[in-house]
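Visitor: sharing a sequence plus its predicted fold:
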Amino acid sequence: MVFRRAARRFVPWKNGGGRTAEILTSPAGAGLDDFAWRISTAEVAASGPFSLFPGVQRCLAVIEGGSLRLGFADGTLLEVSPGSAPAYFPGDVPCSCELRGAPVLDLNVMVRPPWRATVRPLNGAGTGAAPVHKRFLFMLEDMPGLGLEHYDLLDISTQPARLSGHALLIEIF
């Protein structure tokens, strides 16, 4: 199953400080307060606070634009930019975001326990064989041979695929 970039609609963030486009939630139709896991993209055009999501673990990967410096109450700073490792952080800890450079488009994967998630570059190495609940590819380039465009999300949960290409592998355990 493919979740097309072209079908997404951006809506204001929970705190009104930016815009997000939901790609997929579980259970289907769940809202921001009752999802088990959620995959979305967000546009960040200005510095400011992130919305709080009590009990949620967040993973954020910058896929386009400048970089984000995330600051937390305990003094921790994380910098995320295109091509860097994603940032993992708890959604119930206040987080401020400093936009550094051009506006950003990011990929967000959020889970509530007992779910866990990882996001990593595919790097042509295939998808691995570890048992997971769901496995997706978030395309970072067009793949015309597969009928995919950049930022499409491909569900490969039931396919023992060995794919290559410029994509992020999302696994939900």
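Guide: Structure received.
Visitor: and residue 5, how many neighbours?
Guide: The tally of other residues near residue 5 (other C-beta atoms under 10 Å) stands at 17. Placement of C-beta: from N, CA and C, glycine included.
Visitor: helix, strand or coil: sort out the most far-flung residue of the chain relative to its centre for me.
Guide: For the chain, the largest distance from the centre (C-alpha atoms, centre = their mean) belongs to residue 145, which lies 24.5 Å off. Three-state call for residue 145 (DSSP: H, G, I helix; E, B strand; the rest coil): helix.
Visitor: residue 71: helix or strand, and which one exactly?
Guide: Using DSSP states H and E, the element containing residue 71 is strand 67-72.
Visitor: now do the buried residues in that strand.
Guide: 67, 68, 70, 71 (16 or more other C-beta atoms under 10 Å).
Visitor: distance to residue 25 for those residues - can I get that in a markdown table?
Guide: Putting the buried residues of strand 67-72 into a markdown table (distance: C-beta to C-beta, whole Å) gives the following:
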| residue | distance to residue 25 |
| --- | --- |
| 67 | 27 |
| 68 | 23 |
| 70 | 23 |
| 71 | 28 |
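Visitor: ok, how many other residues are close to the nearest residue to residue 21 once chain neighbours are set aside?
Guide: Counting by C-beta to C-beta, 6 or more residues apart in numbering, residue 21 lies nearest to residue 8, which is 3.9 Å off, once chain neighbours are set aside. For residue 8, the neighbour count with other C-beta under 10 Å is 16.
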